[in-house]
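Peer 1: would you be able to build a 3D model of this:
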Amino acid sequence: MRIAIFGTGYVGLVTGTCLAEVGNEVICVDVDALKVARLERGEIPIFEPGLEPLVIENHQNGRLRFTTDAAAAIAHGEVIFIAVGTPPEEDGSADLSHVLDVARTIGSSLSGHAVIVNKSTVPVGTADRVRQTIAQELAARGSDATFDVVSNPEFLKEGDAVQDCLRPDRIIIGSDSARAIAALRALYAPFNRNHDRIVLMDVRSAELTKYAANAMLATKISFM
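Peer 2: Residues are numbered from 1 along each chain as shown. Below you'll find the model as predicted:
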């Protein structure tokens with residue numbers, strides 16, 4: 001499948017590389033031209049065991065590319081991942097400005113159908129805001145492009161993220177669209193061969209699942 005991923009941070013780079021490893025054509029987008037240039041040279045901005053050789057190999061094979069050209073990536077992507085940062089605000093709430101900026105960018109360039117996958121850690125209800133933002137941009141352009149918004153939270157551990165991505169213990173898909181669910185089932189089929197790890201739910205439940213997992217982990221660490 002043709003995949004576009006916005007964000008080349010920890011989640012975006014690992015996810016994009018692992019999707020390329022199983023045969024997808026992946027373009028990773030970042031606004032930082034220097035970072036993109038480094039990735040094109042095979043220089044990895046984070047340390048994660050096993051990631052560097054996969055990035056280099058898949059880049060050399062042409063399955064993994066890096067760019068600052070958002071419009072080209074959107075035109076390429078059947079499935080478009082949003083994997084940008086959501087840093088905390090002063091009051092502790094998540095800063096969704098980067099997520100919504102990507103949504104506006106998608107809406108300003110989308111011309112066909114795409115499945116928009118929110119991979120970032122976001123509050124419940126963010127998918128609705130992403131959907132509304134894209135729809136507003138499409139309406140302003142008079143475009144009849146169609147899209148689905150899916151919540152697909154990540155569960156990657158630092159130091160073991162590549163294995164967590166290639167051999168996930170669960171794949172959460174939050175959507176009420178049969179078309180979007182079918183697309184993500186096909187995308188994740190190589191990671192889901194031996195046991196069915198896909199858990200389907202509505203979008204808001206999927207968004208909440210990430211926070212529930214984080215809360216459980218924090219509780220376990222506190223008791224330890």
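
Peer 1: need the three-state assignment for the closest residue to residue 183 other than its chain neighbours.
Peer 2: Closest residue in space to residue 183, ignoring its immediate chain neighbours: residue 115 at 4.9 Å, by Cβ to Cβ, 6 or more residues apart in numbering. (Each C-beta comes from the backbone N, C-alpha and C, glycine too.) When classified by DSSP: H, G, I helix; E, B strand; the rest coil, residue 115 comes out as strand.

Peer 1: tell me the contacts of residue 115?
Peer 2: 78-80, 147-148, 150, 179-180, 183-184 (Cβ atoms under 8 Å, 6 or more residues apart in numbering).

Peer 1: can you check residue 100 too?
Peer 2: By Cβ under 8 Å, 6+ apart, the neighbours of residue 100 are 129-130, 133.

Peer 1: most surrounded residue in those residues?
Peer 2: Using other Cβ atoms under 10 Å as the neighbour criterion, residue 130 leads the contacts of residue 100 with 27 neighbours.

Peer 1: tell me which element that one falls in.
Peer 2: helix 126-141 (DSSP states H and E).

Peer 1: related to what we said a few turns ago, bridged to the residue nearest to residue 183, which residues?
Peer 2: residue 79, residue 148 (DSSP bridges).

Peer 1: pLDDT at it, what is it?
Peer 2: We have a pLDDT of 98 for residue 115.

Peer 1: got the angle between the worst-scoring helix or strand of the chain on mean pLDDT and helix 126-141?
Peer 2: Lowest on mean pLDDT, DSSP states H and E among the helices and strands of the chain sits helix 203-223, with a mean of 91. Between helix 203-223 and helix 126-141, the angle comes out at 140 degrees (axes from the mean of the first three to the mean of the last three Cα atoms, to 10 degrees).
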